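Engineer: Predicted structure and sequence below. I'll ask about it afterward.
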Amino acid sequence: MHACESDHDSAAAKTATNNSVILTDQAAATTLDPRFECPICLGCLREPLLTSCGHRFCKECINEWLQKKDGRCPIDNRVLGEKDLIPDKGVLAEIMEPFLGCPFASRGCKDTLSPWELESHVVSCLFQNAEPISGADGCQWCGAALQDEEQLQKHLDDECAKVPCSCRFREVGCRATVPRADLPAHLDSQIHDHLNLVSAAYNKLSVLVREQSRDLIDFKSQEADKRWEAPPKAEASSASAEHQAAEEGAGELLKSLFERVVALEQRNREQAIQIENLRDIAGSSSLQSGHYVWHLRGVQGQLKAMQAALPGLKMLYSAPFRTAPFGYSFCVRLNLNPAGSALSLHVHLVRGEHDVSLEWPFKGRIALIAANQRRPESHIQETMFAESHLAAFQRPQRDLNPRGFGFAEFVSLHDLLTDGFIKDDSIIIRVHIESSD
């Protein structure tokens with residue numbers, strides 16, 4: 001099998017015992033809301049439990065205390081059993097919601113954090129050594145001279161290469177804060193960790209939506225059973241009064257039922273939107289790693305259409321993908337060779353929004369794999385290296401570089417049809433492209 005250039009002209013563990021933060025060097029102290037403070041460890045509540053006598057403690061703290069102090073509440077000395085400790089989900093939700101500003105806000109940090117995150121953030125905050133912002137004489141990060149506060153703010157928000165920026169995957173768990181110039185490298189090097197975070201968040205939301213859907217179904221069933229139950233009859237009421245009371249009771253019940261169903265369905269809708277957003281993030285990340293899996297369905301029909309077009313060539317193109325978040329853009333082309341005896345496979349450079357900042361021609365390694373879905377040990381894999389003198393690796397001047405690079409006979413049509421490469425009328429083509437820059 002020989003690689004060639006082709007042409008085509010169409011287009012939570014406890015981390016501290018006291019979460020009160022005491023800072024020096026002119027940074028303001030951040031105090032913890034008393035409602036969220038555990039009376040035992042004096043830190044932020046972790047897995048908060050509400051006692052039957054109305055006090056809140058960390059789960060670990062109160063369990064240890066009860067074991068050592070004969071099961072008595074440390075506040076009012078009441079005897080507490082296992083049934084007297086109830087998880088306080090309302091307070092937990094409040095604690096997890098970011099609402100505290102970073103103590104280094106006066107130096108430029110704009111992060112808003114939950115009490116759980118605040119202490120670890122303060123230790124690693126990149127703004128702790130910055131000079132406090134005073135006026136608009138210049139940028140405290142790069143020293144650029146600016147005329148007024150508006151220009152300074154624009155410079156900090158969009159231009160300064162040294163200003164610390166939070167990772168765009170912060171919402172799913174990545175807590176990294178790096179200079180703006182290093183953010184692309186961070187995204188490129190942490191792709192697998194970010195995908196794991198997205199997957200974990202997606203799974204968590206999926207479980208929550210299933211639970212809420214089950215609760216909604218149970219609720220509708222229970223309320224439907226109660227809907228037609230007549231209200232209790234008053235012994236002294238007349239027949240008309242009983243009928244009117246029954247109608248009023250049914251009306252109130254239907255109104256209450258409607259309000260609760262609307263609220264639950266609204267929550268389900270919000271969760272569905274969050275899951276869809278996570279899918280978009282995961283899909284976007286998977287198309288920016290240099291690894292691409294093309295799951296081509298309806299293969300038998302596509303092959304018949306290609307054979308009918310011979311000796312002309314009917315070509316199929318994959319979705320574009322990148323070698324890195326700000327890297328080179330490629331797509332894959334698949335067609336039958338002119339003789340109709342083999343499947344041709346080529347990669348094409350696609351014009352991308354970051355081409356102006358990349359080095360040309362493209363240099364790197366390209367691996368093409370046809371997956372054998374019946375016998376994994378029989379995958380067809382070929383690796384080739386970009387040849388910088390070829391037109392296929394020059395900067396695209398059109399949406400799609402008409403020159404491709406690959407194999408005119410990657411897998412024979414006979415092997416494709418009989419040797420396990422097709423399953424459920426689909427084939428799987430994997431591509432891995434690494435830039436040497």
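Structural biologist: Perfect, thanks for sending it.
Engineer: Helices of the stretch 1-150 of the chain, start to end?
Structural biologist: All helices of the stretch 1-150 of the chain, identified by DSSP state H, counting those that start in this stretch, fall at 59-68, 89-96, 115-124, 149-154.
Engineer: Next: the stretch 201-350 of the chain.
Structural biologist: So, for the stretch 201-350 of the chain - with DSSP H, counting those that start in this stretch - the helices run 239-286, 299-309.
Engineer: hey, least reliable of those by pLDDT?
Structural biologist: Here the lowest mean pLDDT among the helices of the stretch 201-350 of the chain goes to helix 239-286, at a mean of 65.
Engineer: quick revisit: same list (the helices of the stretch 1-150 of the chain) but as CSV, adding mean neighbour count, mean pLDDT and distance to Cys165.
Structural biologist: To be clear about C-beta, it is placed using only N, CA and C from the backbone, and glycine gets the same treatment. Output for these, formatted as CSV (neighbours: other CB atoms under 10 Å; pLDDT from 0 to 100; distance: least, CB to CB, whole Å):
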stretch, mean neighbour count, mean pLDDT, distance to Cys165
helix 59-68, 16, 90, 35
helix 89-96, 14, 76, 23
helix 115-124, 18, 71, 14
helix 149-154, 14, 78, 15
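Engineer: Relative to Ile273, tell me which of those wins on proximity.
Structural biologist: helix 89-96 (18.9 Å; CB to CB).
Engineer: which residues are contacting that closest one?
Structural biologist: 35-36, 44-45, 47-48, 50, 56, 114-116 (CB atoms under 8 Å, 6 or more residues apart in numbering).
Engineer: Repeat that for stretch 58-69.
Structural biologist: Contacts of stretch 58-69 (CB under 8 Å, 6+ apart): 14, 38, 40-41, 43, 45-49, 51, 57, 72, 74, 80, 85, 87.
Engineer: What's the PyMOL syntax to select whichever of the residues you listed are buried?
Structural biologist: To isolate the buried members of those in PyMOL, using 16 or more other CB atoms under 10 Å:
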select buried, resi 38+40+41+43+45+46+48+49+51+57+74+80+85
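Engineer: Looking at the contacts of stretch 58-69, which are in strands?
Structural biologist: Residues of the contacts of stretch 58-69 located in strands (DSSP state E): 49, 51, 57, 85, 87.
Engineer: With distance to Ile275 and pLDDT as new columns, can those be given to me in a markdown table?
Structural biologist: Converted to a markdown table, the ones in strands among the contacts of stretch 58-69 look like this (distance: CB to CB, whole Å; pLDDT from 0 to 100):
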| residue | distance to Ile275 | pLDDT |
| --- | --- | --- |
| Leu49 | 30 | 91 |
| Thr51 | 36 | 90 |
| Phe57 | 34 | 92 |
| Leu85 | 33 | 90 |
| Pro87 | 25 | 88 |
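Engineer: Which of those sits closest to Ser189?
Structural biologist: For these, the nearest to Ser189 is Pro87 (38.3 Å; CB to CB).
Engineer: list the contacts for the nearest residue to the closest one once chain neighbours are set aside?
Structural biologist: Leaving aside its chain neighbours, Pro87 sits nearest to Leu49 (6.1 Å; criterion: CB to CB, 6 or more residues apart in numbering). Going by CB under 8 Å, 6+ apart, Leu49 touches 56-59, 62, 85-88.
Engineer: coming back round to it: any idea which of the helices of the stretch 1-150 of the chain gets closest to Phe407?
Structural biologist: When the helices of the stretch 1-150 of the chain are compared (using CB to CB), the closest one is helix 115-124, at 49.0 Å.
Engineer: what angle separates that closest one from helix 89-96?
Structural biologist: 20 degrees (axes from the mean of the first three to the mean of the last three CA atoms, to 10 degrees).
Engineer: which strands and helices sit next to helix 115-124?
Structural biologist: On a contact count with 3 or more CB pairs under 8 Å, 6 or more residues apart in numbering; DSSP states H and E, helix 115-124 meets helix 89-96.
Engineer: Might you calculate how far the helix it packs on sits from the centre of the chain?
Structural biologist: 22 Å (CA atoms, centre = their mean, to the nearest Å).
Engineer: Max pairwise distance over the contacts of helix 89-96: which two?
Structural biologist: Applying CB to CB across these, the maximum distance is between Leu50 and Ser114, 19.3 Å.
Engineer: With distance to Val261 added, can I get the contacts of Leu49 in JSON lines?
Structural biologist: As requested, the contacts of Leu49 are arranged in JSON lines below (distance: CB to CB, whole Å):
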{"residue": "Arg56", "distance to Val261": "33"}
{"residue": "Phe57", "distance to Val261": "37"}
{"residue": "Cys58", "distance to Val261": "37"}
{"residue": "Lys59", "distance to Val261": "34"}
{"residue": "Ile62", "distance to Val261": "38"}
{"residue": "Leu85", "distance to Val261": "33"}
{"residue": "Ile86", "distance to Val261": "27"}
{"residue": "Pro87", "distance to Val261": "26"}
{"residue": "Asp88", "distance to Val261": "27"}
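Engineer: What about Pro184, how many residues nearby?
Structural biologist: 16 (other CB atoms under 10 Å).
Engineer: about what we covered before: would CSV of the contacts of helix 89-96 with distance to Asn203 be doable?
Structural biologist: Output for the contacts of helix 89-96, formatted as CSV (distance: CB to CB, whole Å):
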residue, distance to Asn203
Arg35, 31
Phe36, 28
Cys44, 26
Leu45, 26
Glu47, 21
Pro48, 24
Leu50, 28
Arg56, 29
Ser114, 21
Pro115, 26
Trp116, 21
